[in-house]
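>>> output the structure for:
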Amino acid sequence: MPHYQYEGITQTGKQVTGTVVAADDNEAKSSLRKTRIRVTAVQEKQPAPLTDFLSRVRLRDVSAFTRQFASMNSSAIPLVQSLDAIAEQTENSILRRAVSKISADVQSGVSLAEALSRSPDIFNRLYCAMVRAGEAAGILPAILLRLADYQEKTVGIRRRIASAFAYPVLVALVAAAALIALMTFVVPTFSTMLAELGAQLPLSTRIVIKASEIVKTWLLPAVVIGVAVSMVIVYLYRKHDRVRLSIDSLKLRLPLFGPLQKKSAVSRFSRTFGALLSGGVPIADALEITSTTAGNRVLEKGFLKALEAIRSGQPLAQPLKATGVFPPMVIQMIAVGEKSGNLPEMLVKIADYYDTEVDSAITTLTSILEPALIVIMGVFIAVVLISMYLPMFEMIGSIG
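Have a look, this model is predicted:
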């Protein structure tokens, strides 16, 4: 359905703007009247400009919003006033409009959790569930502070992973570009020169020249086919559960990367589940929401099976053990946390420990990848250059 931009006035006389989804403008006006907003203008929203596409809301934007909102809420500043102040300071245009809409919804009497849930692309189920629990228990400031801490740690982990792999990826790209340049420009030049000299070519030189001809002929088709196959795989991964299960299962079994995925999954599960439980979300709801943040379909199915077992009355530790993802130490800590009644605190300790393990695994992986890529690149370039110069050395030797 189309989106409609509106301008209106609340019962307190405050001017508000926002966006509403409706079949037509009459339905949009009717929907706004139900929220006690007197509409002064409404029009269909045009497709988002390129600037909106480029300024999509990232996790770090939401994290910054949450920290600001938590700080203002802890200072006893009213919700609407806090949201309006943050909206004025927010640089991201999409987030700014969303916050303004949330402020208008809250002003009209909608709960904060409900207002946030109307922007699901920005505020996910975990976020809304924790806010809803905080509102119900009357501890919203504390919940927002926990959310801010959770998001900042998540952003920090992502940033460390990205920075750790930035150099190996750059080396791989430079190596690929250098090899392609050698095979498409340098080797053909040497090949033409050697053919004119009528030199007898060694086997290694003939192999390199043949490889160069193949690269020149098939490079562009190979790139096109590779992009097309990648797009098909991505489409199947998103649309077909069986394909996604197969790929996600393979990712967990990959050497070096598989253990890193498992450690990262344990850390993410523990931090997310612990944050939800500490926010007062019931354990079954918390586990269901946590399963959606697993990032891997195999793990998600395992968590959902654990959820079924918990609903049937089993303790948490045994179903999680059956997933095959959690090490014995983690299962024991969760079991102790259940028995002692401090499961949220135990989960936070597990998350902190595995954050350190993930950092260590990334450091180890990058320390292996960086020199390996450099050595491989050096060997390929050396083989190509030696193969090209070898006939010349032989010719000079025969003349001498």
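>>> for the record, mean pLDDT for stretch 210-227?
The average pLDDT within stretch 210-227 is 90.
>>> what residues sit buried inside it?
Across stretch 210-227, burial judged by 16 or more other Cβ atoms under 10 Å covers S212, V215. Backbone N, C-alpha and C define where each C-beta goes, glycine included.
>>> go on, stretch 275-295?
Buried-residue list, stretch 275-295, by 16+ other Cβ under 10 Å: 275-281, 283, 285-291, 293-294.
>>> and those, which of them are in helices?
A275, L276, L277, S278, I283, D285, A286, L287, E288, I289, T290, S291 (DSSP state H).
>>> ok, the last one - contacts?
Meaning S291. L299, E300, F303, L304, L307 (Cβ atoms under 8 Å, 6 or more residues apart in numbering).
>>> excluding its backbone neighbours, what's nearest it?
F303 (3.8 Å; Cβ to Cβ, 6 or more residues apart in numbering).
>>> can you tell me the element that neighbour falls in?
helix 297-311 (DSSP states H and E).
>>> which elements pack onto the next helix or strand after that helix?
Using DSSP H and E, the helix or strand that follows helix 297-311 in sequence is helix 317-322. Where contact means 3 or more Cβ pairs under 8 Å, 6 or more residues apart in numbering; DSSP states H and E, helix 317-322 is packed against helix 297-311, helix 328-340.
>>> point to the residue nearest the middle of this protein.
R158 (7.9 Å; Cα atoms, centre = their mean).
>>> contacting residues for that one?
L59.
>>> what's the first helix or strand after the helix or strand harbouring it?
Per DSSP H and E, R158 falls inside helix 140-181. Using DSSP H and E, the helix or strand that follows helix 140-181 in sequence is helix 187-197.
>>> how about that following helix as CSV, C-alpha atoms only?
Provided in CSV are the C-alpha atoms of helix 187-197 (Å, rounded to 0.1, in the frame of the first residue of the first chain):
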residue,chain,number,x,y,z
VAL,A,187,52.5,-11.6,-20.5
PRO,A,188,50.9,-10.9,-23.9
THR,A,189,53.6,-8.3,-24.5
PHE,A,190,56.4,-10.8,-23.6
SER,A,191,54.7,-13.5,-25.7
THR,A,192,54.7,-11.3,-28.8
MET,A,193,58.3,-10.3,-28.3
LEU,A,194,59.4,-13.9,-27.8
ALA,A,195,57.5,-15.1,-30.9
GLU,A,196,59.3,-12.4,-33.0
LEU,A,197,62.6,-13.6,-31.7
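>>> ok, back up a step: for S264, state which of the contacts of S291 is nearest.
L299 (10.4 Å; Cβ to Cβ).
>>> out of the ones in helices among the buried residues of stretch 275-295, which two sit at the greatest distance?
Most distant of those, by Cβ to Cβ, are S278 and S291, 18.1 Å apart.
>>> deepest in the core, which of the helices and strands packed on helix 317-322 is it.
helix 297-311 (a mean of 18; mean count of other Cβ atoms under 10 Å).
>>> which neighbouring elements make contact with that helix?
helix 241-253, helix 257-278, helix 283-291, helix 317-322.
>>> which stretches of the stretch 1-150 of the chain aren't confidently modelled?
Scanning the stretch 1-150 of the chain for pLDDT under 70 picks out 1-3, 21-24, 45-55.
>>> strands along that one, start to end?
3-9, 15-21, 38-44 (DSSP state E, counting those that start in this stretch).
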